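> when you get a sec, could you give me coordinates for this:
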Amino acid sequence: MATARHNYELKIKCKNQLAKTEDPVEKLRLQCLSRGSSGIKGLGRVFKIMDDDGNRSLDFKEFSKGLRDYGLFVEPQETKELFERFDCDHSGSISFDEFLLALRPPMSRRRKDLIALAFRKLDKTGDGVVTVEDLKGVYNATQHPKFKSGEWSEERVFQEFLKTFDDQNNPDNKITHEEFVNYYAGVSASIDKDSYFDLMMRNAWKI
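Alright, predicted model coming up:
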């Protein structure tokens, strides 16, 4: 999990870099990450909600509205430039999977492998989606302070855990592989050394 300190450091780092960059993609990435580790994942959720026909693509109008709805400030000219950069086949629509992939901060192969390993451990049913049922037996809820104090039931601990990855405005108590990677790409951006990221992931997921 991203600690409060990691999120704070990430926000400061991104806000400082934002003042120096001219590239529209980098600007958007930094705006998302200045909201913390879940920033890019949150934008993915907004696009997903707007994708009424489920084809995982957006036209220019939907793309502009998604950025606005998420509260990102992008100049109209930059929005157009961003859209055109990702509309490779000039079809008038972009794949938001490809867009989010490009928006993720770069990660080493080692980090990507650790994230994949952690997700596989969580996804006990192997269907690419983690639910409360998957968490049972993998995540030890009885060690949570609020379970120990009697404030929360085991079920509540699991649900609160899923909220870390979920969209607060549209929670579904599920984590897809894509959301898990987007979340940890944000966490990764706040950690400079691979060795520290490795240690954090292995401790968090016992891998």
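
> contact partners for Phe119?
Neighbour list for Phe119: Val130, His177, Phe180, Val181 [criterion: Cβ atoms under 8 Å, 6 or more residues apart in numbering]. Glycine gets a C-beta too; all of them are placed from N, C-alpha and C.

> show me what the helix or strand hosting the third one is packed against.
When you say that, I think you mean Phe180. Phe180 is part of helix 177-189 when elements are defined by DSSP states H and E. Helix 177-189 sits against helix 4-18, helix 24-33, helix 39-50, helix 96-103, helix 109-122, helix 194-205, with contacts defined as 3 or more Cβ pairs under 8 Å, 6 or more residues apart in numbering; DSSP states H and E.

> so for Ala185, which of the ones you listed sits nearest?
Closest of the helices and strands packed on helix 177-189 to Ala185 is helix 39-50, at 6.3 Å (criterion: Cβ to Cβ).

> circling back to that earlier point, could the helices and strands packed on helix 177-189 be laid out in CSV, adding mean pLDDT and distance to Phe161?
As requested, these are exported to CSV (pLDDT from 0 to 100; distance: least, Cβ to Cβ, whole Å):
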stretch, mean pLDDT, distance to Phe161
helix 4-18, 84, 16
helix 24-33, 91, 22
helix 39-50, 86, 15
helix 96-103, 85, 23
helix 109-122, 95, 10
helix 194-205, 88, 11
